[in-house]
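Colleague: Need coordinates for the following:
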Amino acid sequence: MVARALANTLMGALLAAPAAGQDPADVAPVDTSVDAEAPRLRLVAPLAGPRDAFFYSGLLLPPLDAATTAPPWTLDVRLRTSLVHSAFTRDSGGSRSRFDGLFVGHARLDLGLMVTERLELQATLRVAGWEERRDVFEVRVGQRLVVEGEAQKEADGTATGRHENLAQVQVGALVRWWESDDGHTAFATAIGVKLPGLRRADLTNSNTFDVGVTALLTLGLAPGLALHVNGGVVAPFGQQWLFEERAFEVDVLLQGALGVTWAVTDWLAVGASLEGATSPWGDVPVLDRPAVSAVGGARLLLGRFTVEVGGGAGLGSGGAEWIGWVELGWVSRPLATP
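Modeller: Numbering: from 1, shown residues only. Prediction:
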């Protein structure tokens, strides 16, 4: 494959070179549109914040994404680190609940590989944890502490044993159904799956098998200006282990997001997004609130690499106090010729 790519490059250079006695101005330029397509799309992709308020961090909650797709056999790699702080003090059922948690997303690795003009395969690995030395998870139903490990800690001072570990493994696919001739407007659907398990005490995975289906629309409003709209449903299956009451269920939730990205130059873009989800915590009244957040940031394109910085905050009582992230990305040239 490498030898073939090298041969194609050399052949292109020979074909582009002027013949003896030929004016160089008469030689047609080499078409680099395909090679430049993936970085251009990455520049105007949504600036999507981490959706990790409270225990939403343990579920599959797809980030805002674009419906436009790169050329076949393009590999998209993104590595993100993030912080999300959530807090409340609420009275319910004659008791007071307190939540004050800092969710540390040490590393989120997102991989996307276009295998055809319409199909992208996706995978996500997350290493994350709660900042145990400062976290307060005194969530009560009636007089009972219900978060995993908190009742035992209150009774005898036993440490909860929360650590930073591999938190989530997700796989999925995106199918683009339609795209405009200029490639700036498209409609797609995506399906994602979060695998259960890993480590109960860490409270970074609900232990449910989550399946999410999302519709995606990207509108090219003007050169360098894109509107992204997502909406879908997430269905968790199986028994959760975030709460000691195993009978507590994780409800089906609806989620959606809206974002605008503007490429100010051919190497700098700014954007803002609004993301929300209904509550899956019907059995825990103090947590039973929708999560809505507003974020903004900037993305720098350096060749085939991107650097993204963003922040924001929750809107309403179900959202995070504040959100921040830094992301590094890279998009390849097509790894194979269709």
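Colleague: What does the pLDDT read for the residue nearest to the spatial centre of the chain?
Modeller: Centrality entry for the chain: nearest residue to the mean C-alpha point is P63, 3.6 Å, by C-alpha atoms, centre = their mean. Reported pLDDT at P63 in the predicted model: 93.
Colleague: what's near enough to touch the closest residue to it other than its chain neighbours?
Modeller: Counting by C-beta to C-beta, 6 or more residues apart in numbering, A48 is the residue found nearest to P63 once chain neighbours are left out, at 4.0 Å. (C-beta placed from N, C-alpha, C; glycine too.) Residues in contact with A48, defined by C-beta atoms under 8 Å, 6 or more residues apart in numbering, are P63, L64, D65, A257, G259, S273, E275, V295.
Colleague: Please report how far the residue nearest to W241 when sequence neighbours are not counted lies from F248.
Modeller: Excluding the flanking residues, the one nearest W241 by C-beta to C-beta, 6+ apart is N207, at 4.2 Å. According to C-beta to C-beta, to the nearest Å, N207 and F248 sit 12 Å apart.
Colleague: which parts of the lengthiest strand in the chain are buried?
Modeller: With secondary structure taken from DSSP state E, the chain has its longest strand at strand 95-114. For strand 95-114, the neighbour count (16 or more other C-beta atoms under 10 Å) marks 95, 97, 99-105, 108, 110, 112-114 as buried.
Colleague: just stretch 70-86 next, same as before
Modeller: Buried residues in stretch 70-86, counted by 16+ other C-beta under 10 Å: 70-76, 78, 80-86.
Colleague: residue ranges with poor pLDDT in the protein?
Modeller: For the chain, the stretches flagged by pLDDT under 70 are 1-35, 154, 157-162, 338.
Colleague: thinking again about what came up before, which SS state does the residue nearest to P63 fall under?
Modeller: Applying DSSP: H, G, I helix; E, B strand; the rest coil to A48 yields a three-state assignment of coil.
Colleague: was I right about the residue nearest to the centre of the chain contacting L47?
Modeller: No: P63 is not in contact with L47 according to C-beta atoms under 8 Å; the separation is 9.9 Å.
Colleague: Could you pull out the strands in the stretch 51-200 of the chain for me?
Modeller: Assigned by DSSP state E, counting those that start in this stretch, the strands in the stretch 51-200 of the chain fall at 75-92, 95-114, 119-130, 136-138, 140-141, 144-145, 165-179, 186-194.
Colleague: Likewise for the stretch 201-338 of the chain?
Modeller: Taking DSSP E, counting those that start in this stretch to define them, one finds strands in the stretch 201-338 of the chain at 209-222, 225-237, 253-263, 268-277, 291-302, 305-314, 322-331.
Colleague: Need the CA coordinates for the longest one. PDB is fine.
Modeller: By that I understand strand 209-222. Extracted C-alpha coordinates of strand 209-222, given in PDB (Å, rounded to 0.1, in the frame of the first residue of the first chain):
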ATOM      1  CA  PHE A 209     -25.600  -1.600  27.800                       C
ATOM      2  CA  ASP A 210     -26.600   1.700  26.100                       C
ATOM      3  CA  VAL A 211     -27.800   2.000  22.500                       C
ATOM      4  CA  GLY A 212     -28.100   5.400  21.000                       C
ATOM      5  CA  VAL A 213     -29.600   6.400  17.600                       C
ATOM      6  CA  THR A 214     -29.000  10.000  16.400                       C
ATOM      7  CA  ALA A 215     -30.100  12.000  13.300                       C
ATOM      8  CA  LEU A 216     -27.600  14.600  12.100                       C
ATOM      9  CA  LEU A 217     -28.000  17.600   9.900                       C
ATOM     10  CA  THR A 218     -25.300  20.000   8.700                       C
ATOM     11  CA  LEU A 219     -26.200  23.100   6.800                       C
ATOM     12  CA  GLY A 220     -23.600  25.100   4.900                       C
ATOM     13  CA  LEU A 221     -25.000  28.600   5.500                       C
ATOM     14  CA  ALA A 222     -22.100  30.400   3.800                       C
END
